[in-house]
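K.L.:
please work out how this folds:
(chains A and B)
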Amino acid sequence: SQTIHQWPATLVQPVGSPLSLECTVEGTSNPNLYWYRQAAGRGLQLLFYSVGIGQISSEVPQNLSASRPQDRQFILSSKKLLLSDSGFYLCAWSGGDSGNTIYFGEGSWLTVV
Amino acid sequence: DAKTTQPTSMDCAEGRAANLPCNHSTISGNEYVYWYRQIHSQGPQYIIHGLKNNETNEMASLIITEDRKSSTLILPHATLRDTAVYYCIVKNTGKLIFGQGTTLQVKP
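P.N.:
Residues are numbered from 1 along each chain as shown, chains lettered A, B, ... in the order given. Okay, the predicted model is just below:
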């Protein structure tokens, strides 16, 4: 069966520091991968999606970037965090046996201080 | 992708059926209706999806009107653990765009 994992689960980082959140999917190949963010008390916002290695689409201008170095690995990064980057970050995948249904990871809580 | 409209909040008594409505009047012929829910501090959980016909699984039933302009998610016997934000989304392929959803409060 397919599984998705992201880490770290919780992160407290100072303003101006770098960020790296990692997500991996197991049990499927060539998945579509997604990064979402949810600010406190707000809805889910799509940040990036990827249909293949090295193929990244950005949905909103921001201080973050995404990379897909391997088929089932998706990384969210920042060179210098802002206070407004705080939030709940979710990785998700679709494709293979899931068809068009998108499944989400456990999420990572980022607090920028 | 078509836009959806859901009530902001609803209450349901424990053990009763919870019926969550969704309007999607601009849905196109190849777009599916998806339902997810998000319990506080967790990732969204897939519930069910459908195209034209009504669907049922172990979690819920999805009733789609004949003109496909609206649908209803039914939780047949709501429990306190069903308290969550429920999202109705229409999409074909690719991205899921979330609205504000319906906050369902199941009360004892």
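
K.L.:
list the contacts of the nearest residue to A:Leu83 once chain neighbours are set aside.
P.N.:
Nearest non-adjacent residue to A:Leu83, counting by C-beta to C-beta, 6 or more residues apart in numbering or on different chains: A:Val112, 5.2 Å away. Yep, even glycine has a C-beta here, placed from its N, CA and C like the rest. Remark: with contacts taken as C-beta atoms under 8 Å, 6 or more residues apart in numbering or on different chains, A:Val112 is in contact with A:13-15, A:81-86.

K.L.:
again, but for A:Leu110
P.N.:
Contact partners of A:Leu110, counting by C-beta under 8 Å, 6+ apart, are A:11-13, A:19, A:21, A:85-89.

K.L.:
tell me the spacing between whatever residue of chain A ends up closest to chain B and A:Cys23.
P.N.:
The nearest approach of chain A to chain B comes at A:Phe104, 3.6 Å away (C-beta to the nearest C-beta). Applying C-beta to C-beta, to the nearest Å, the value for A:Phe104 to A:Cys23 is 10 Å.

K.L.:
likewise B:Leu96?
P.N.:
With distances taken as C-beta to C-beta, B:Leu96 is found 16 Å from A:Cys23.

K.L.:
between the contacts of A:Leu110, which has the most around it?
P.N.:
Sorting these by how many neighbours each has (other C-beta atoms under 10 Å in any protein chain shown) puts A:Tyr89 first, at 24 neighbours.

K.L.:
for that one, which non-adjacent residue is spatially closest?
P.N.:
Once chain neighbours are set aside, the closest to A:Tyr89 by C-beta to C-beta, 6+ apart is A:Ser108, at 4.7 Å.

K.L.:
neighbours around that neighbour, how many?
P.N.:
Using other C-beta under 10 Å, A:Ser108 has 23 neighbouring residues.
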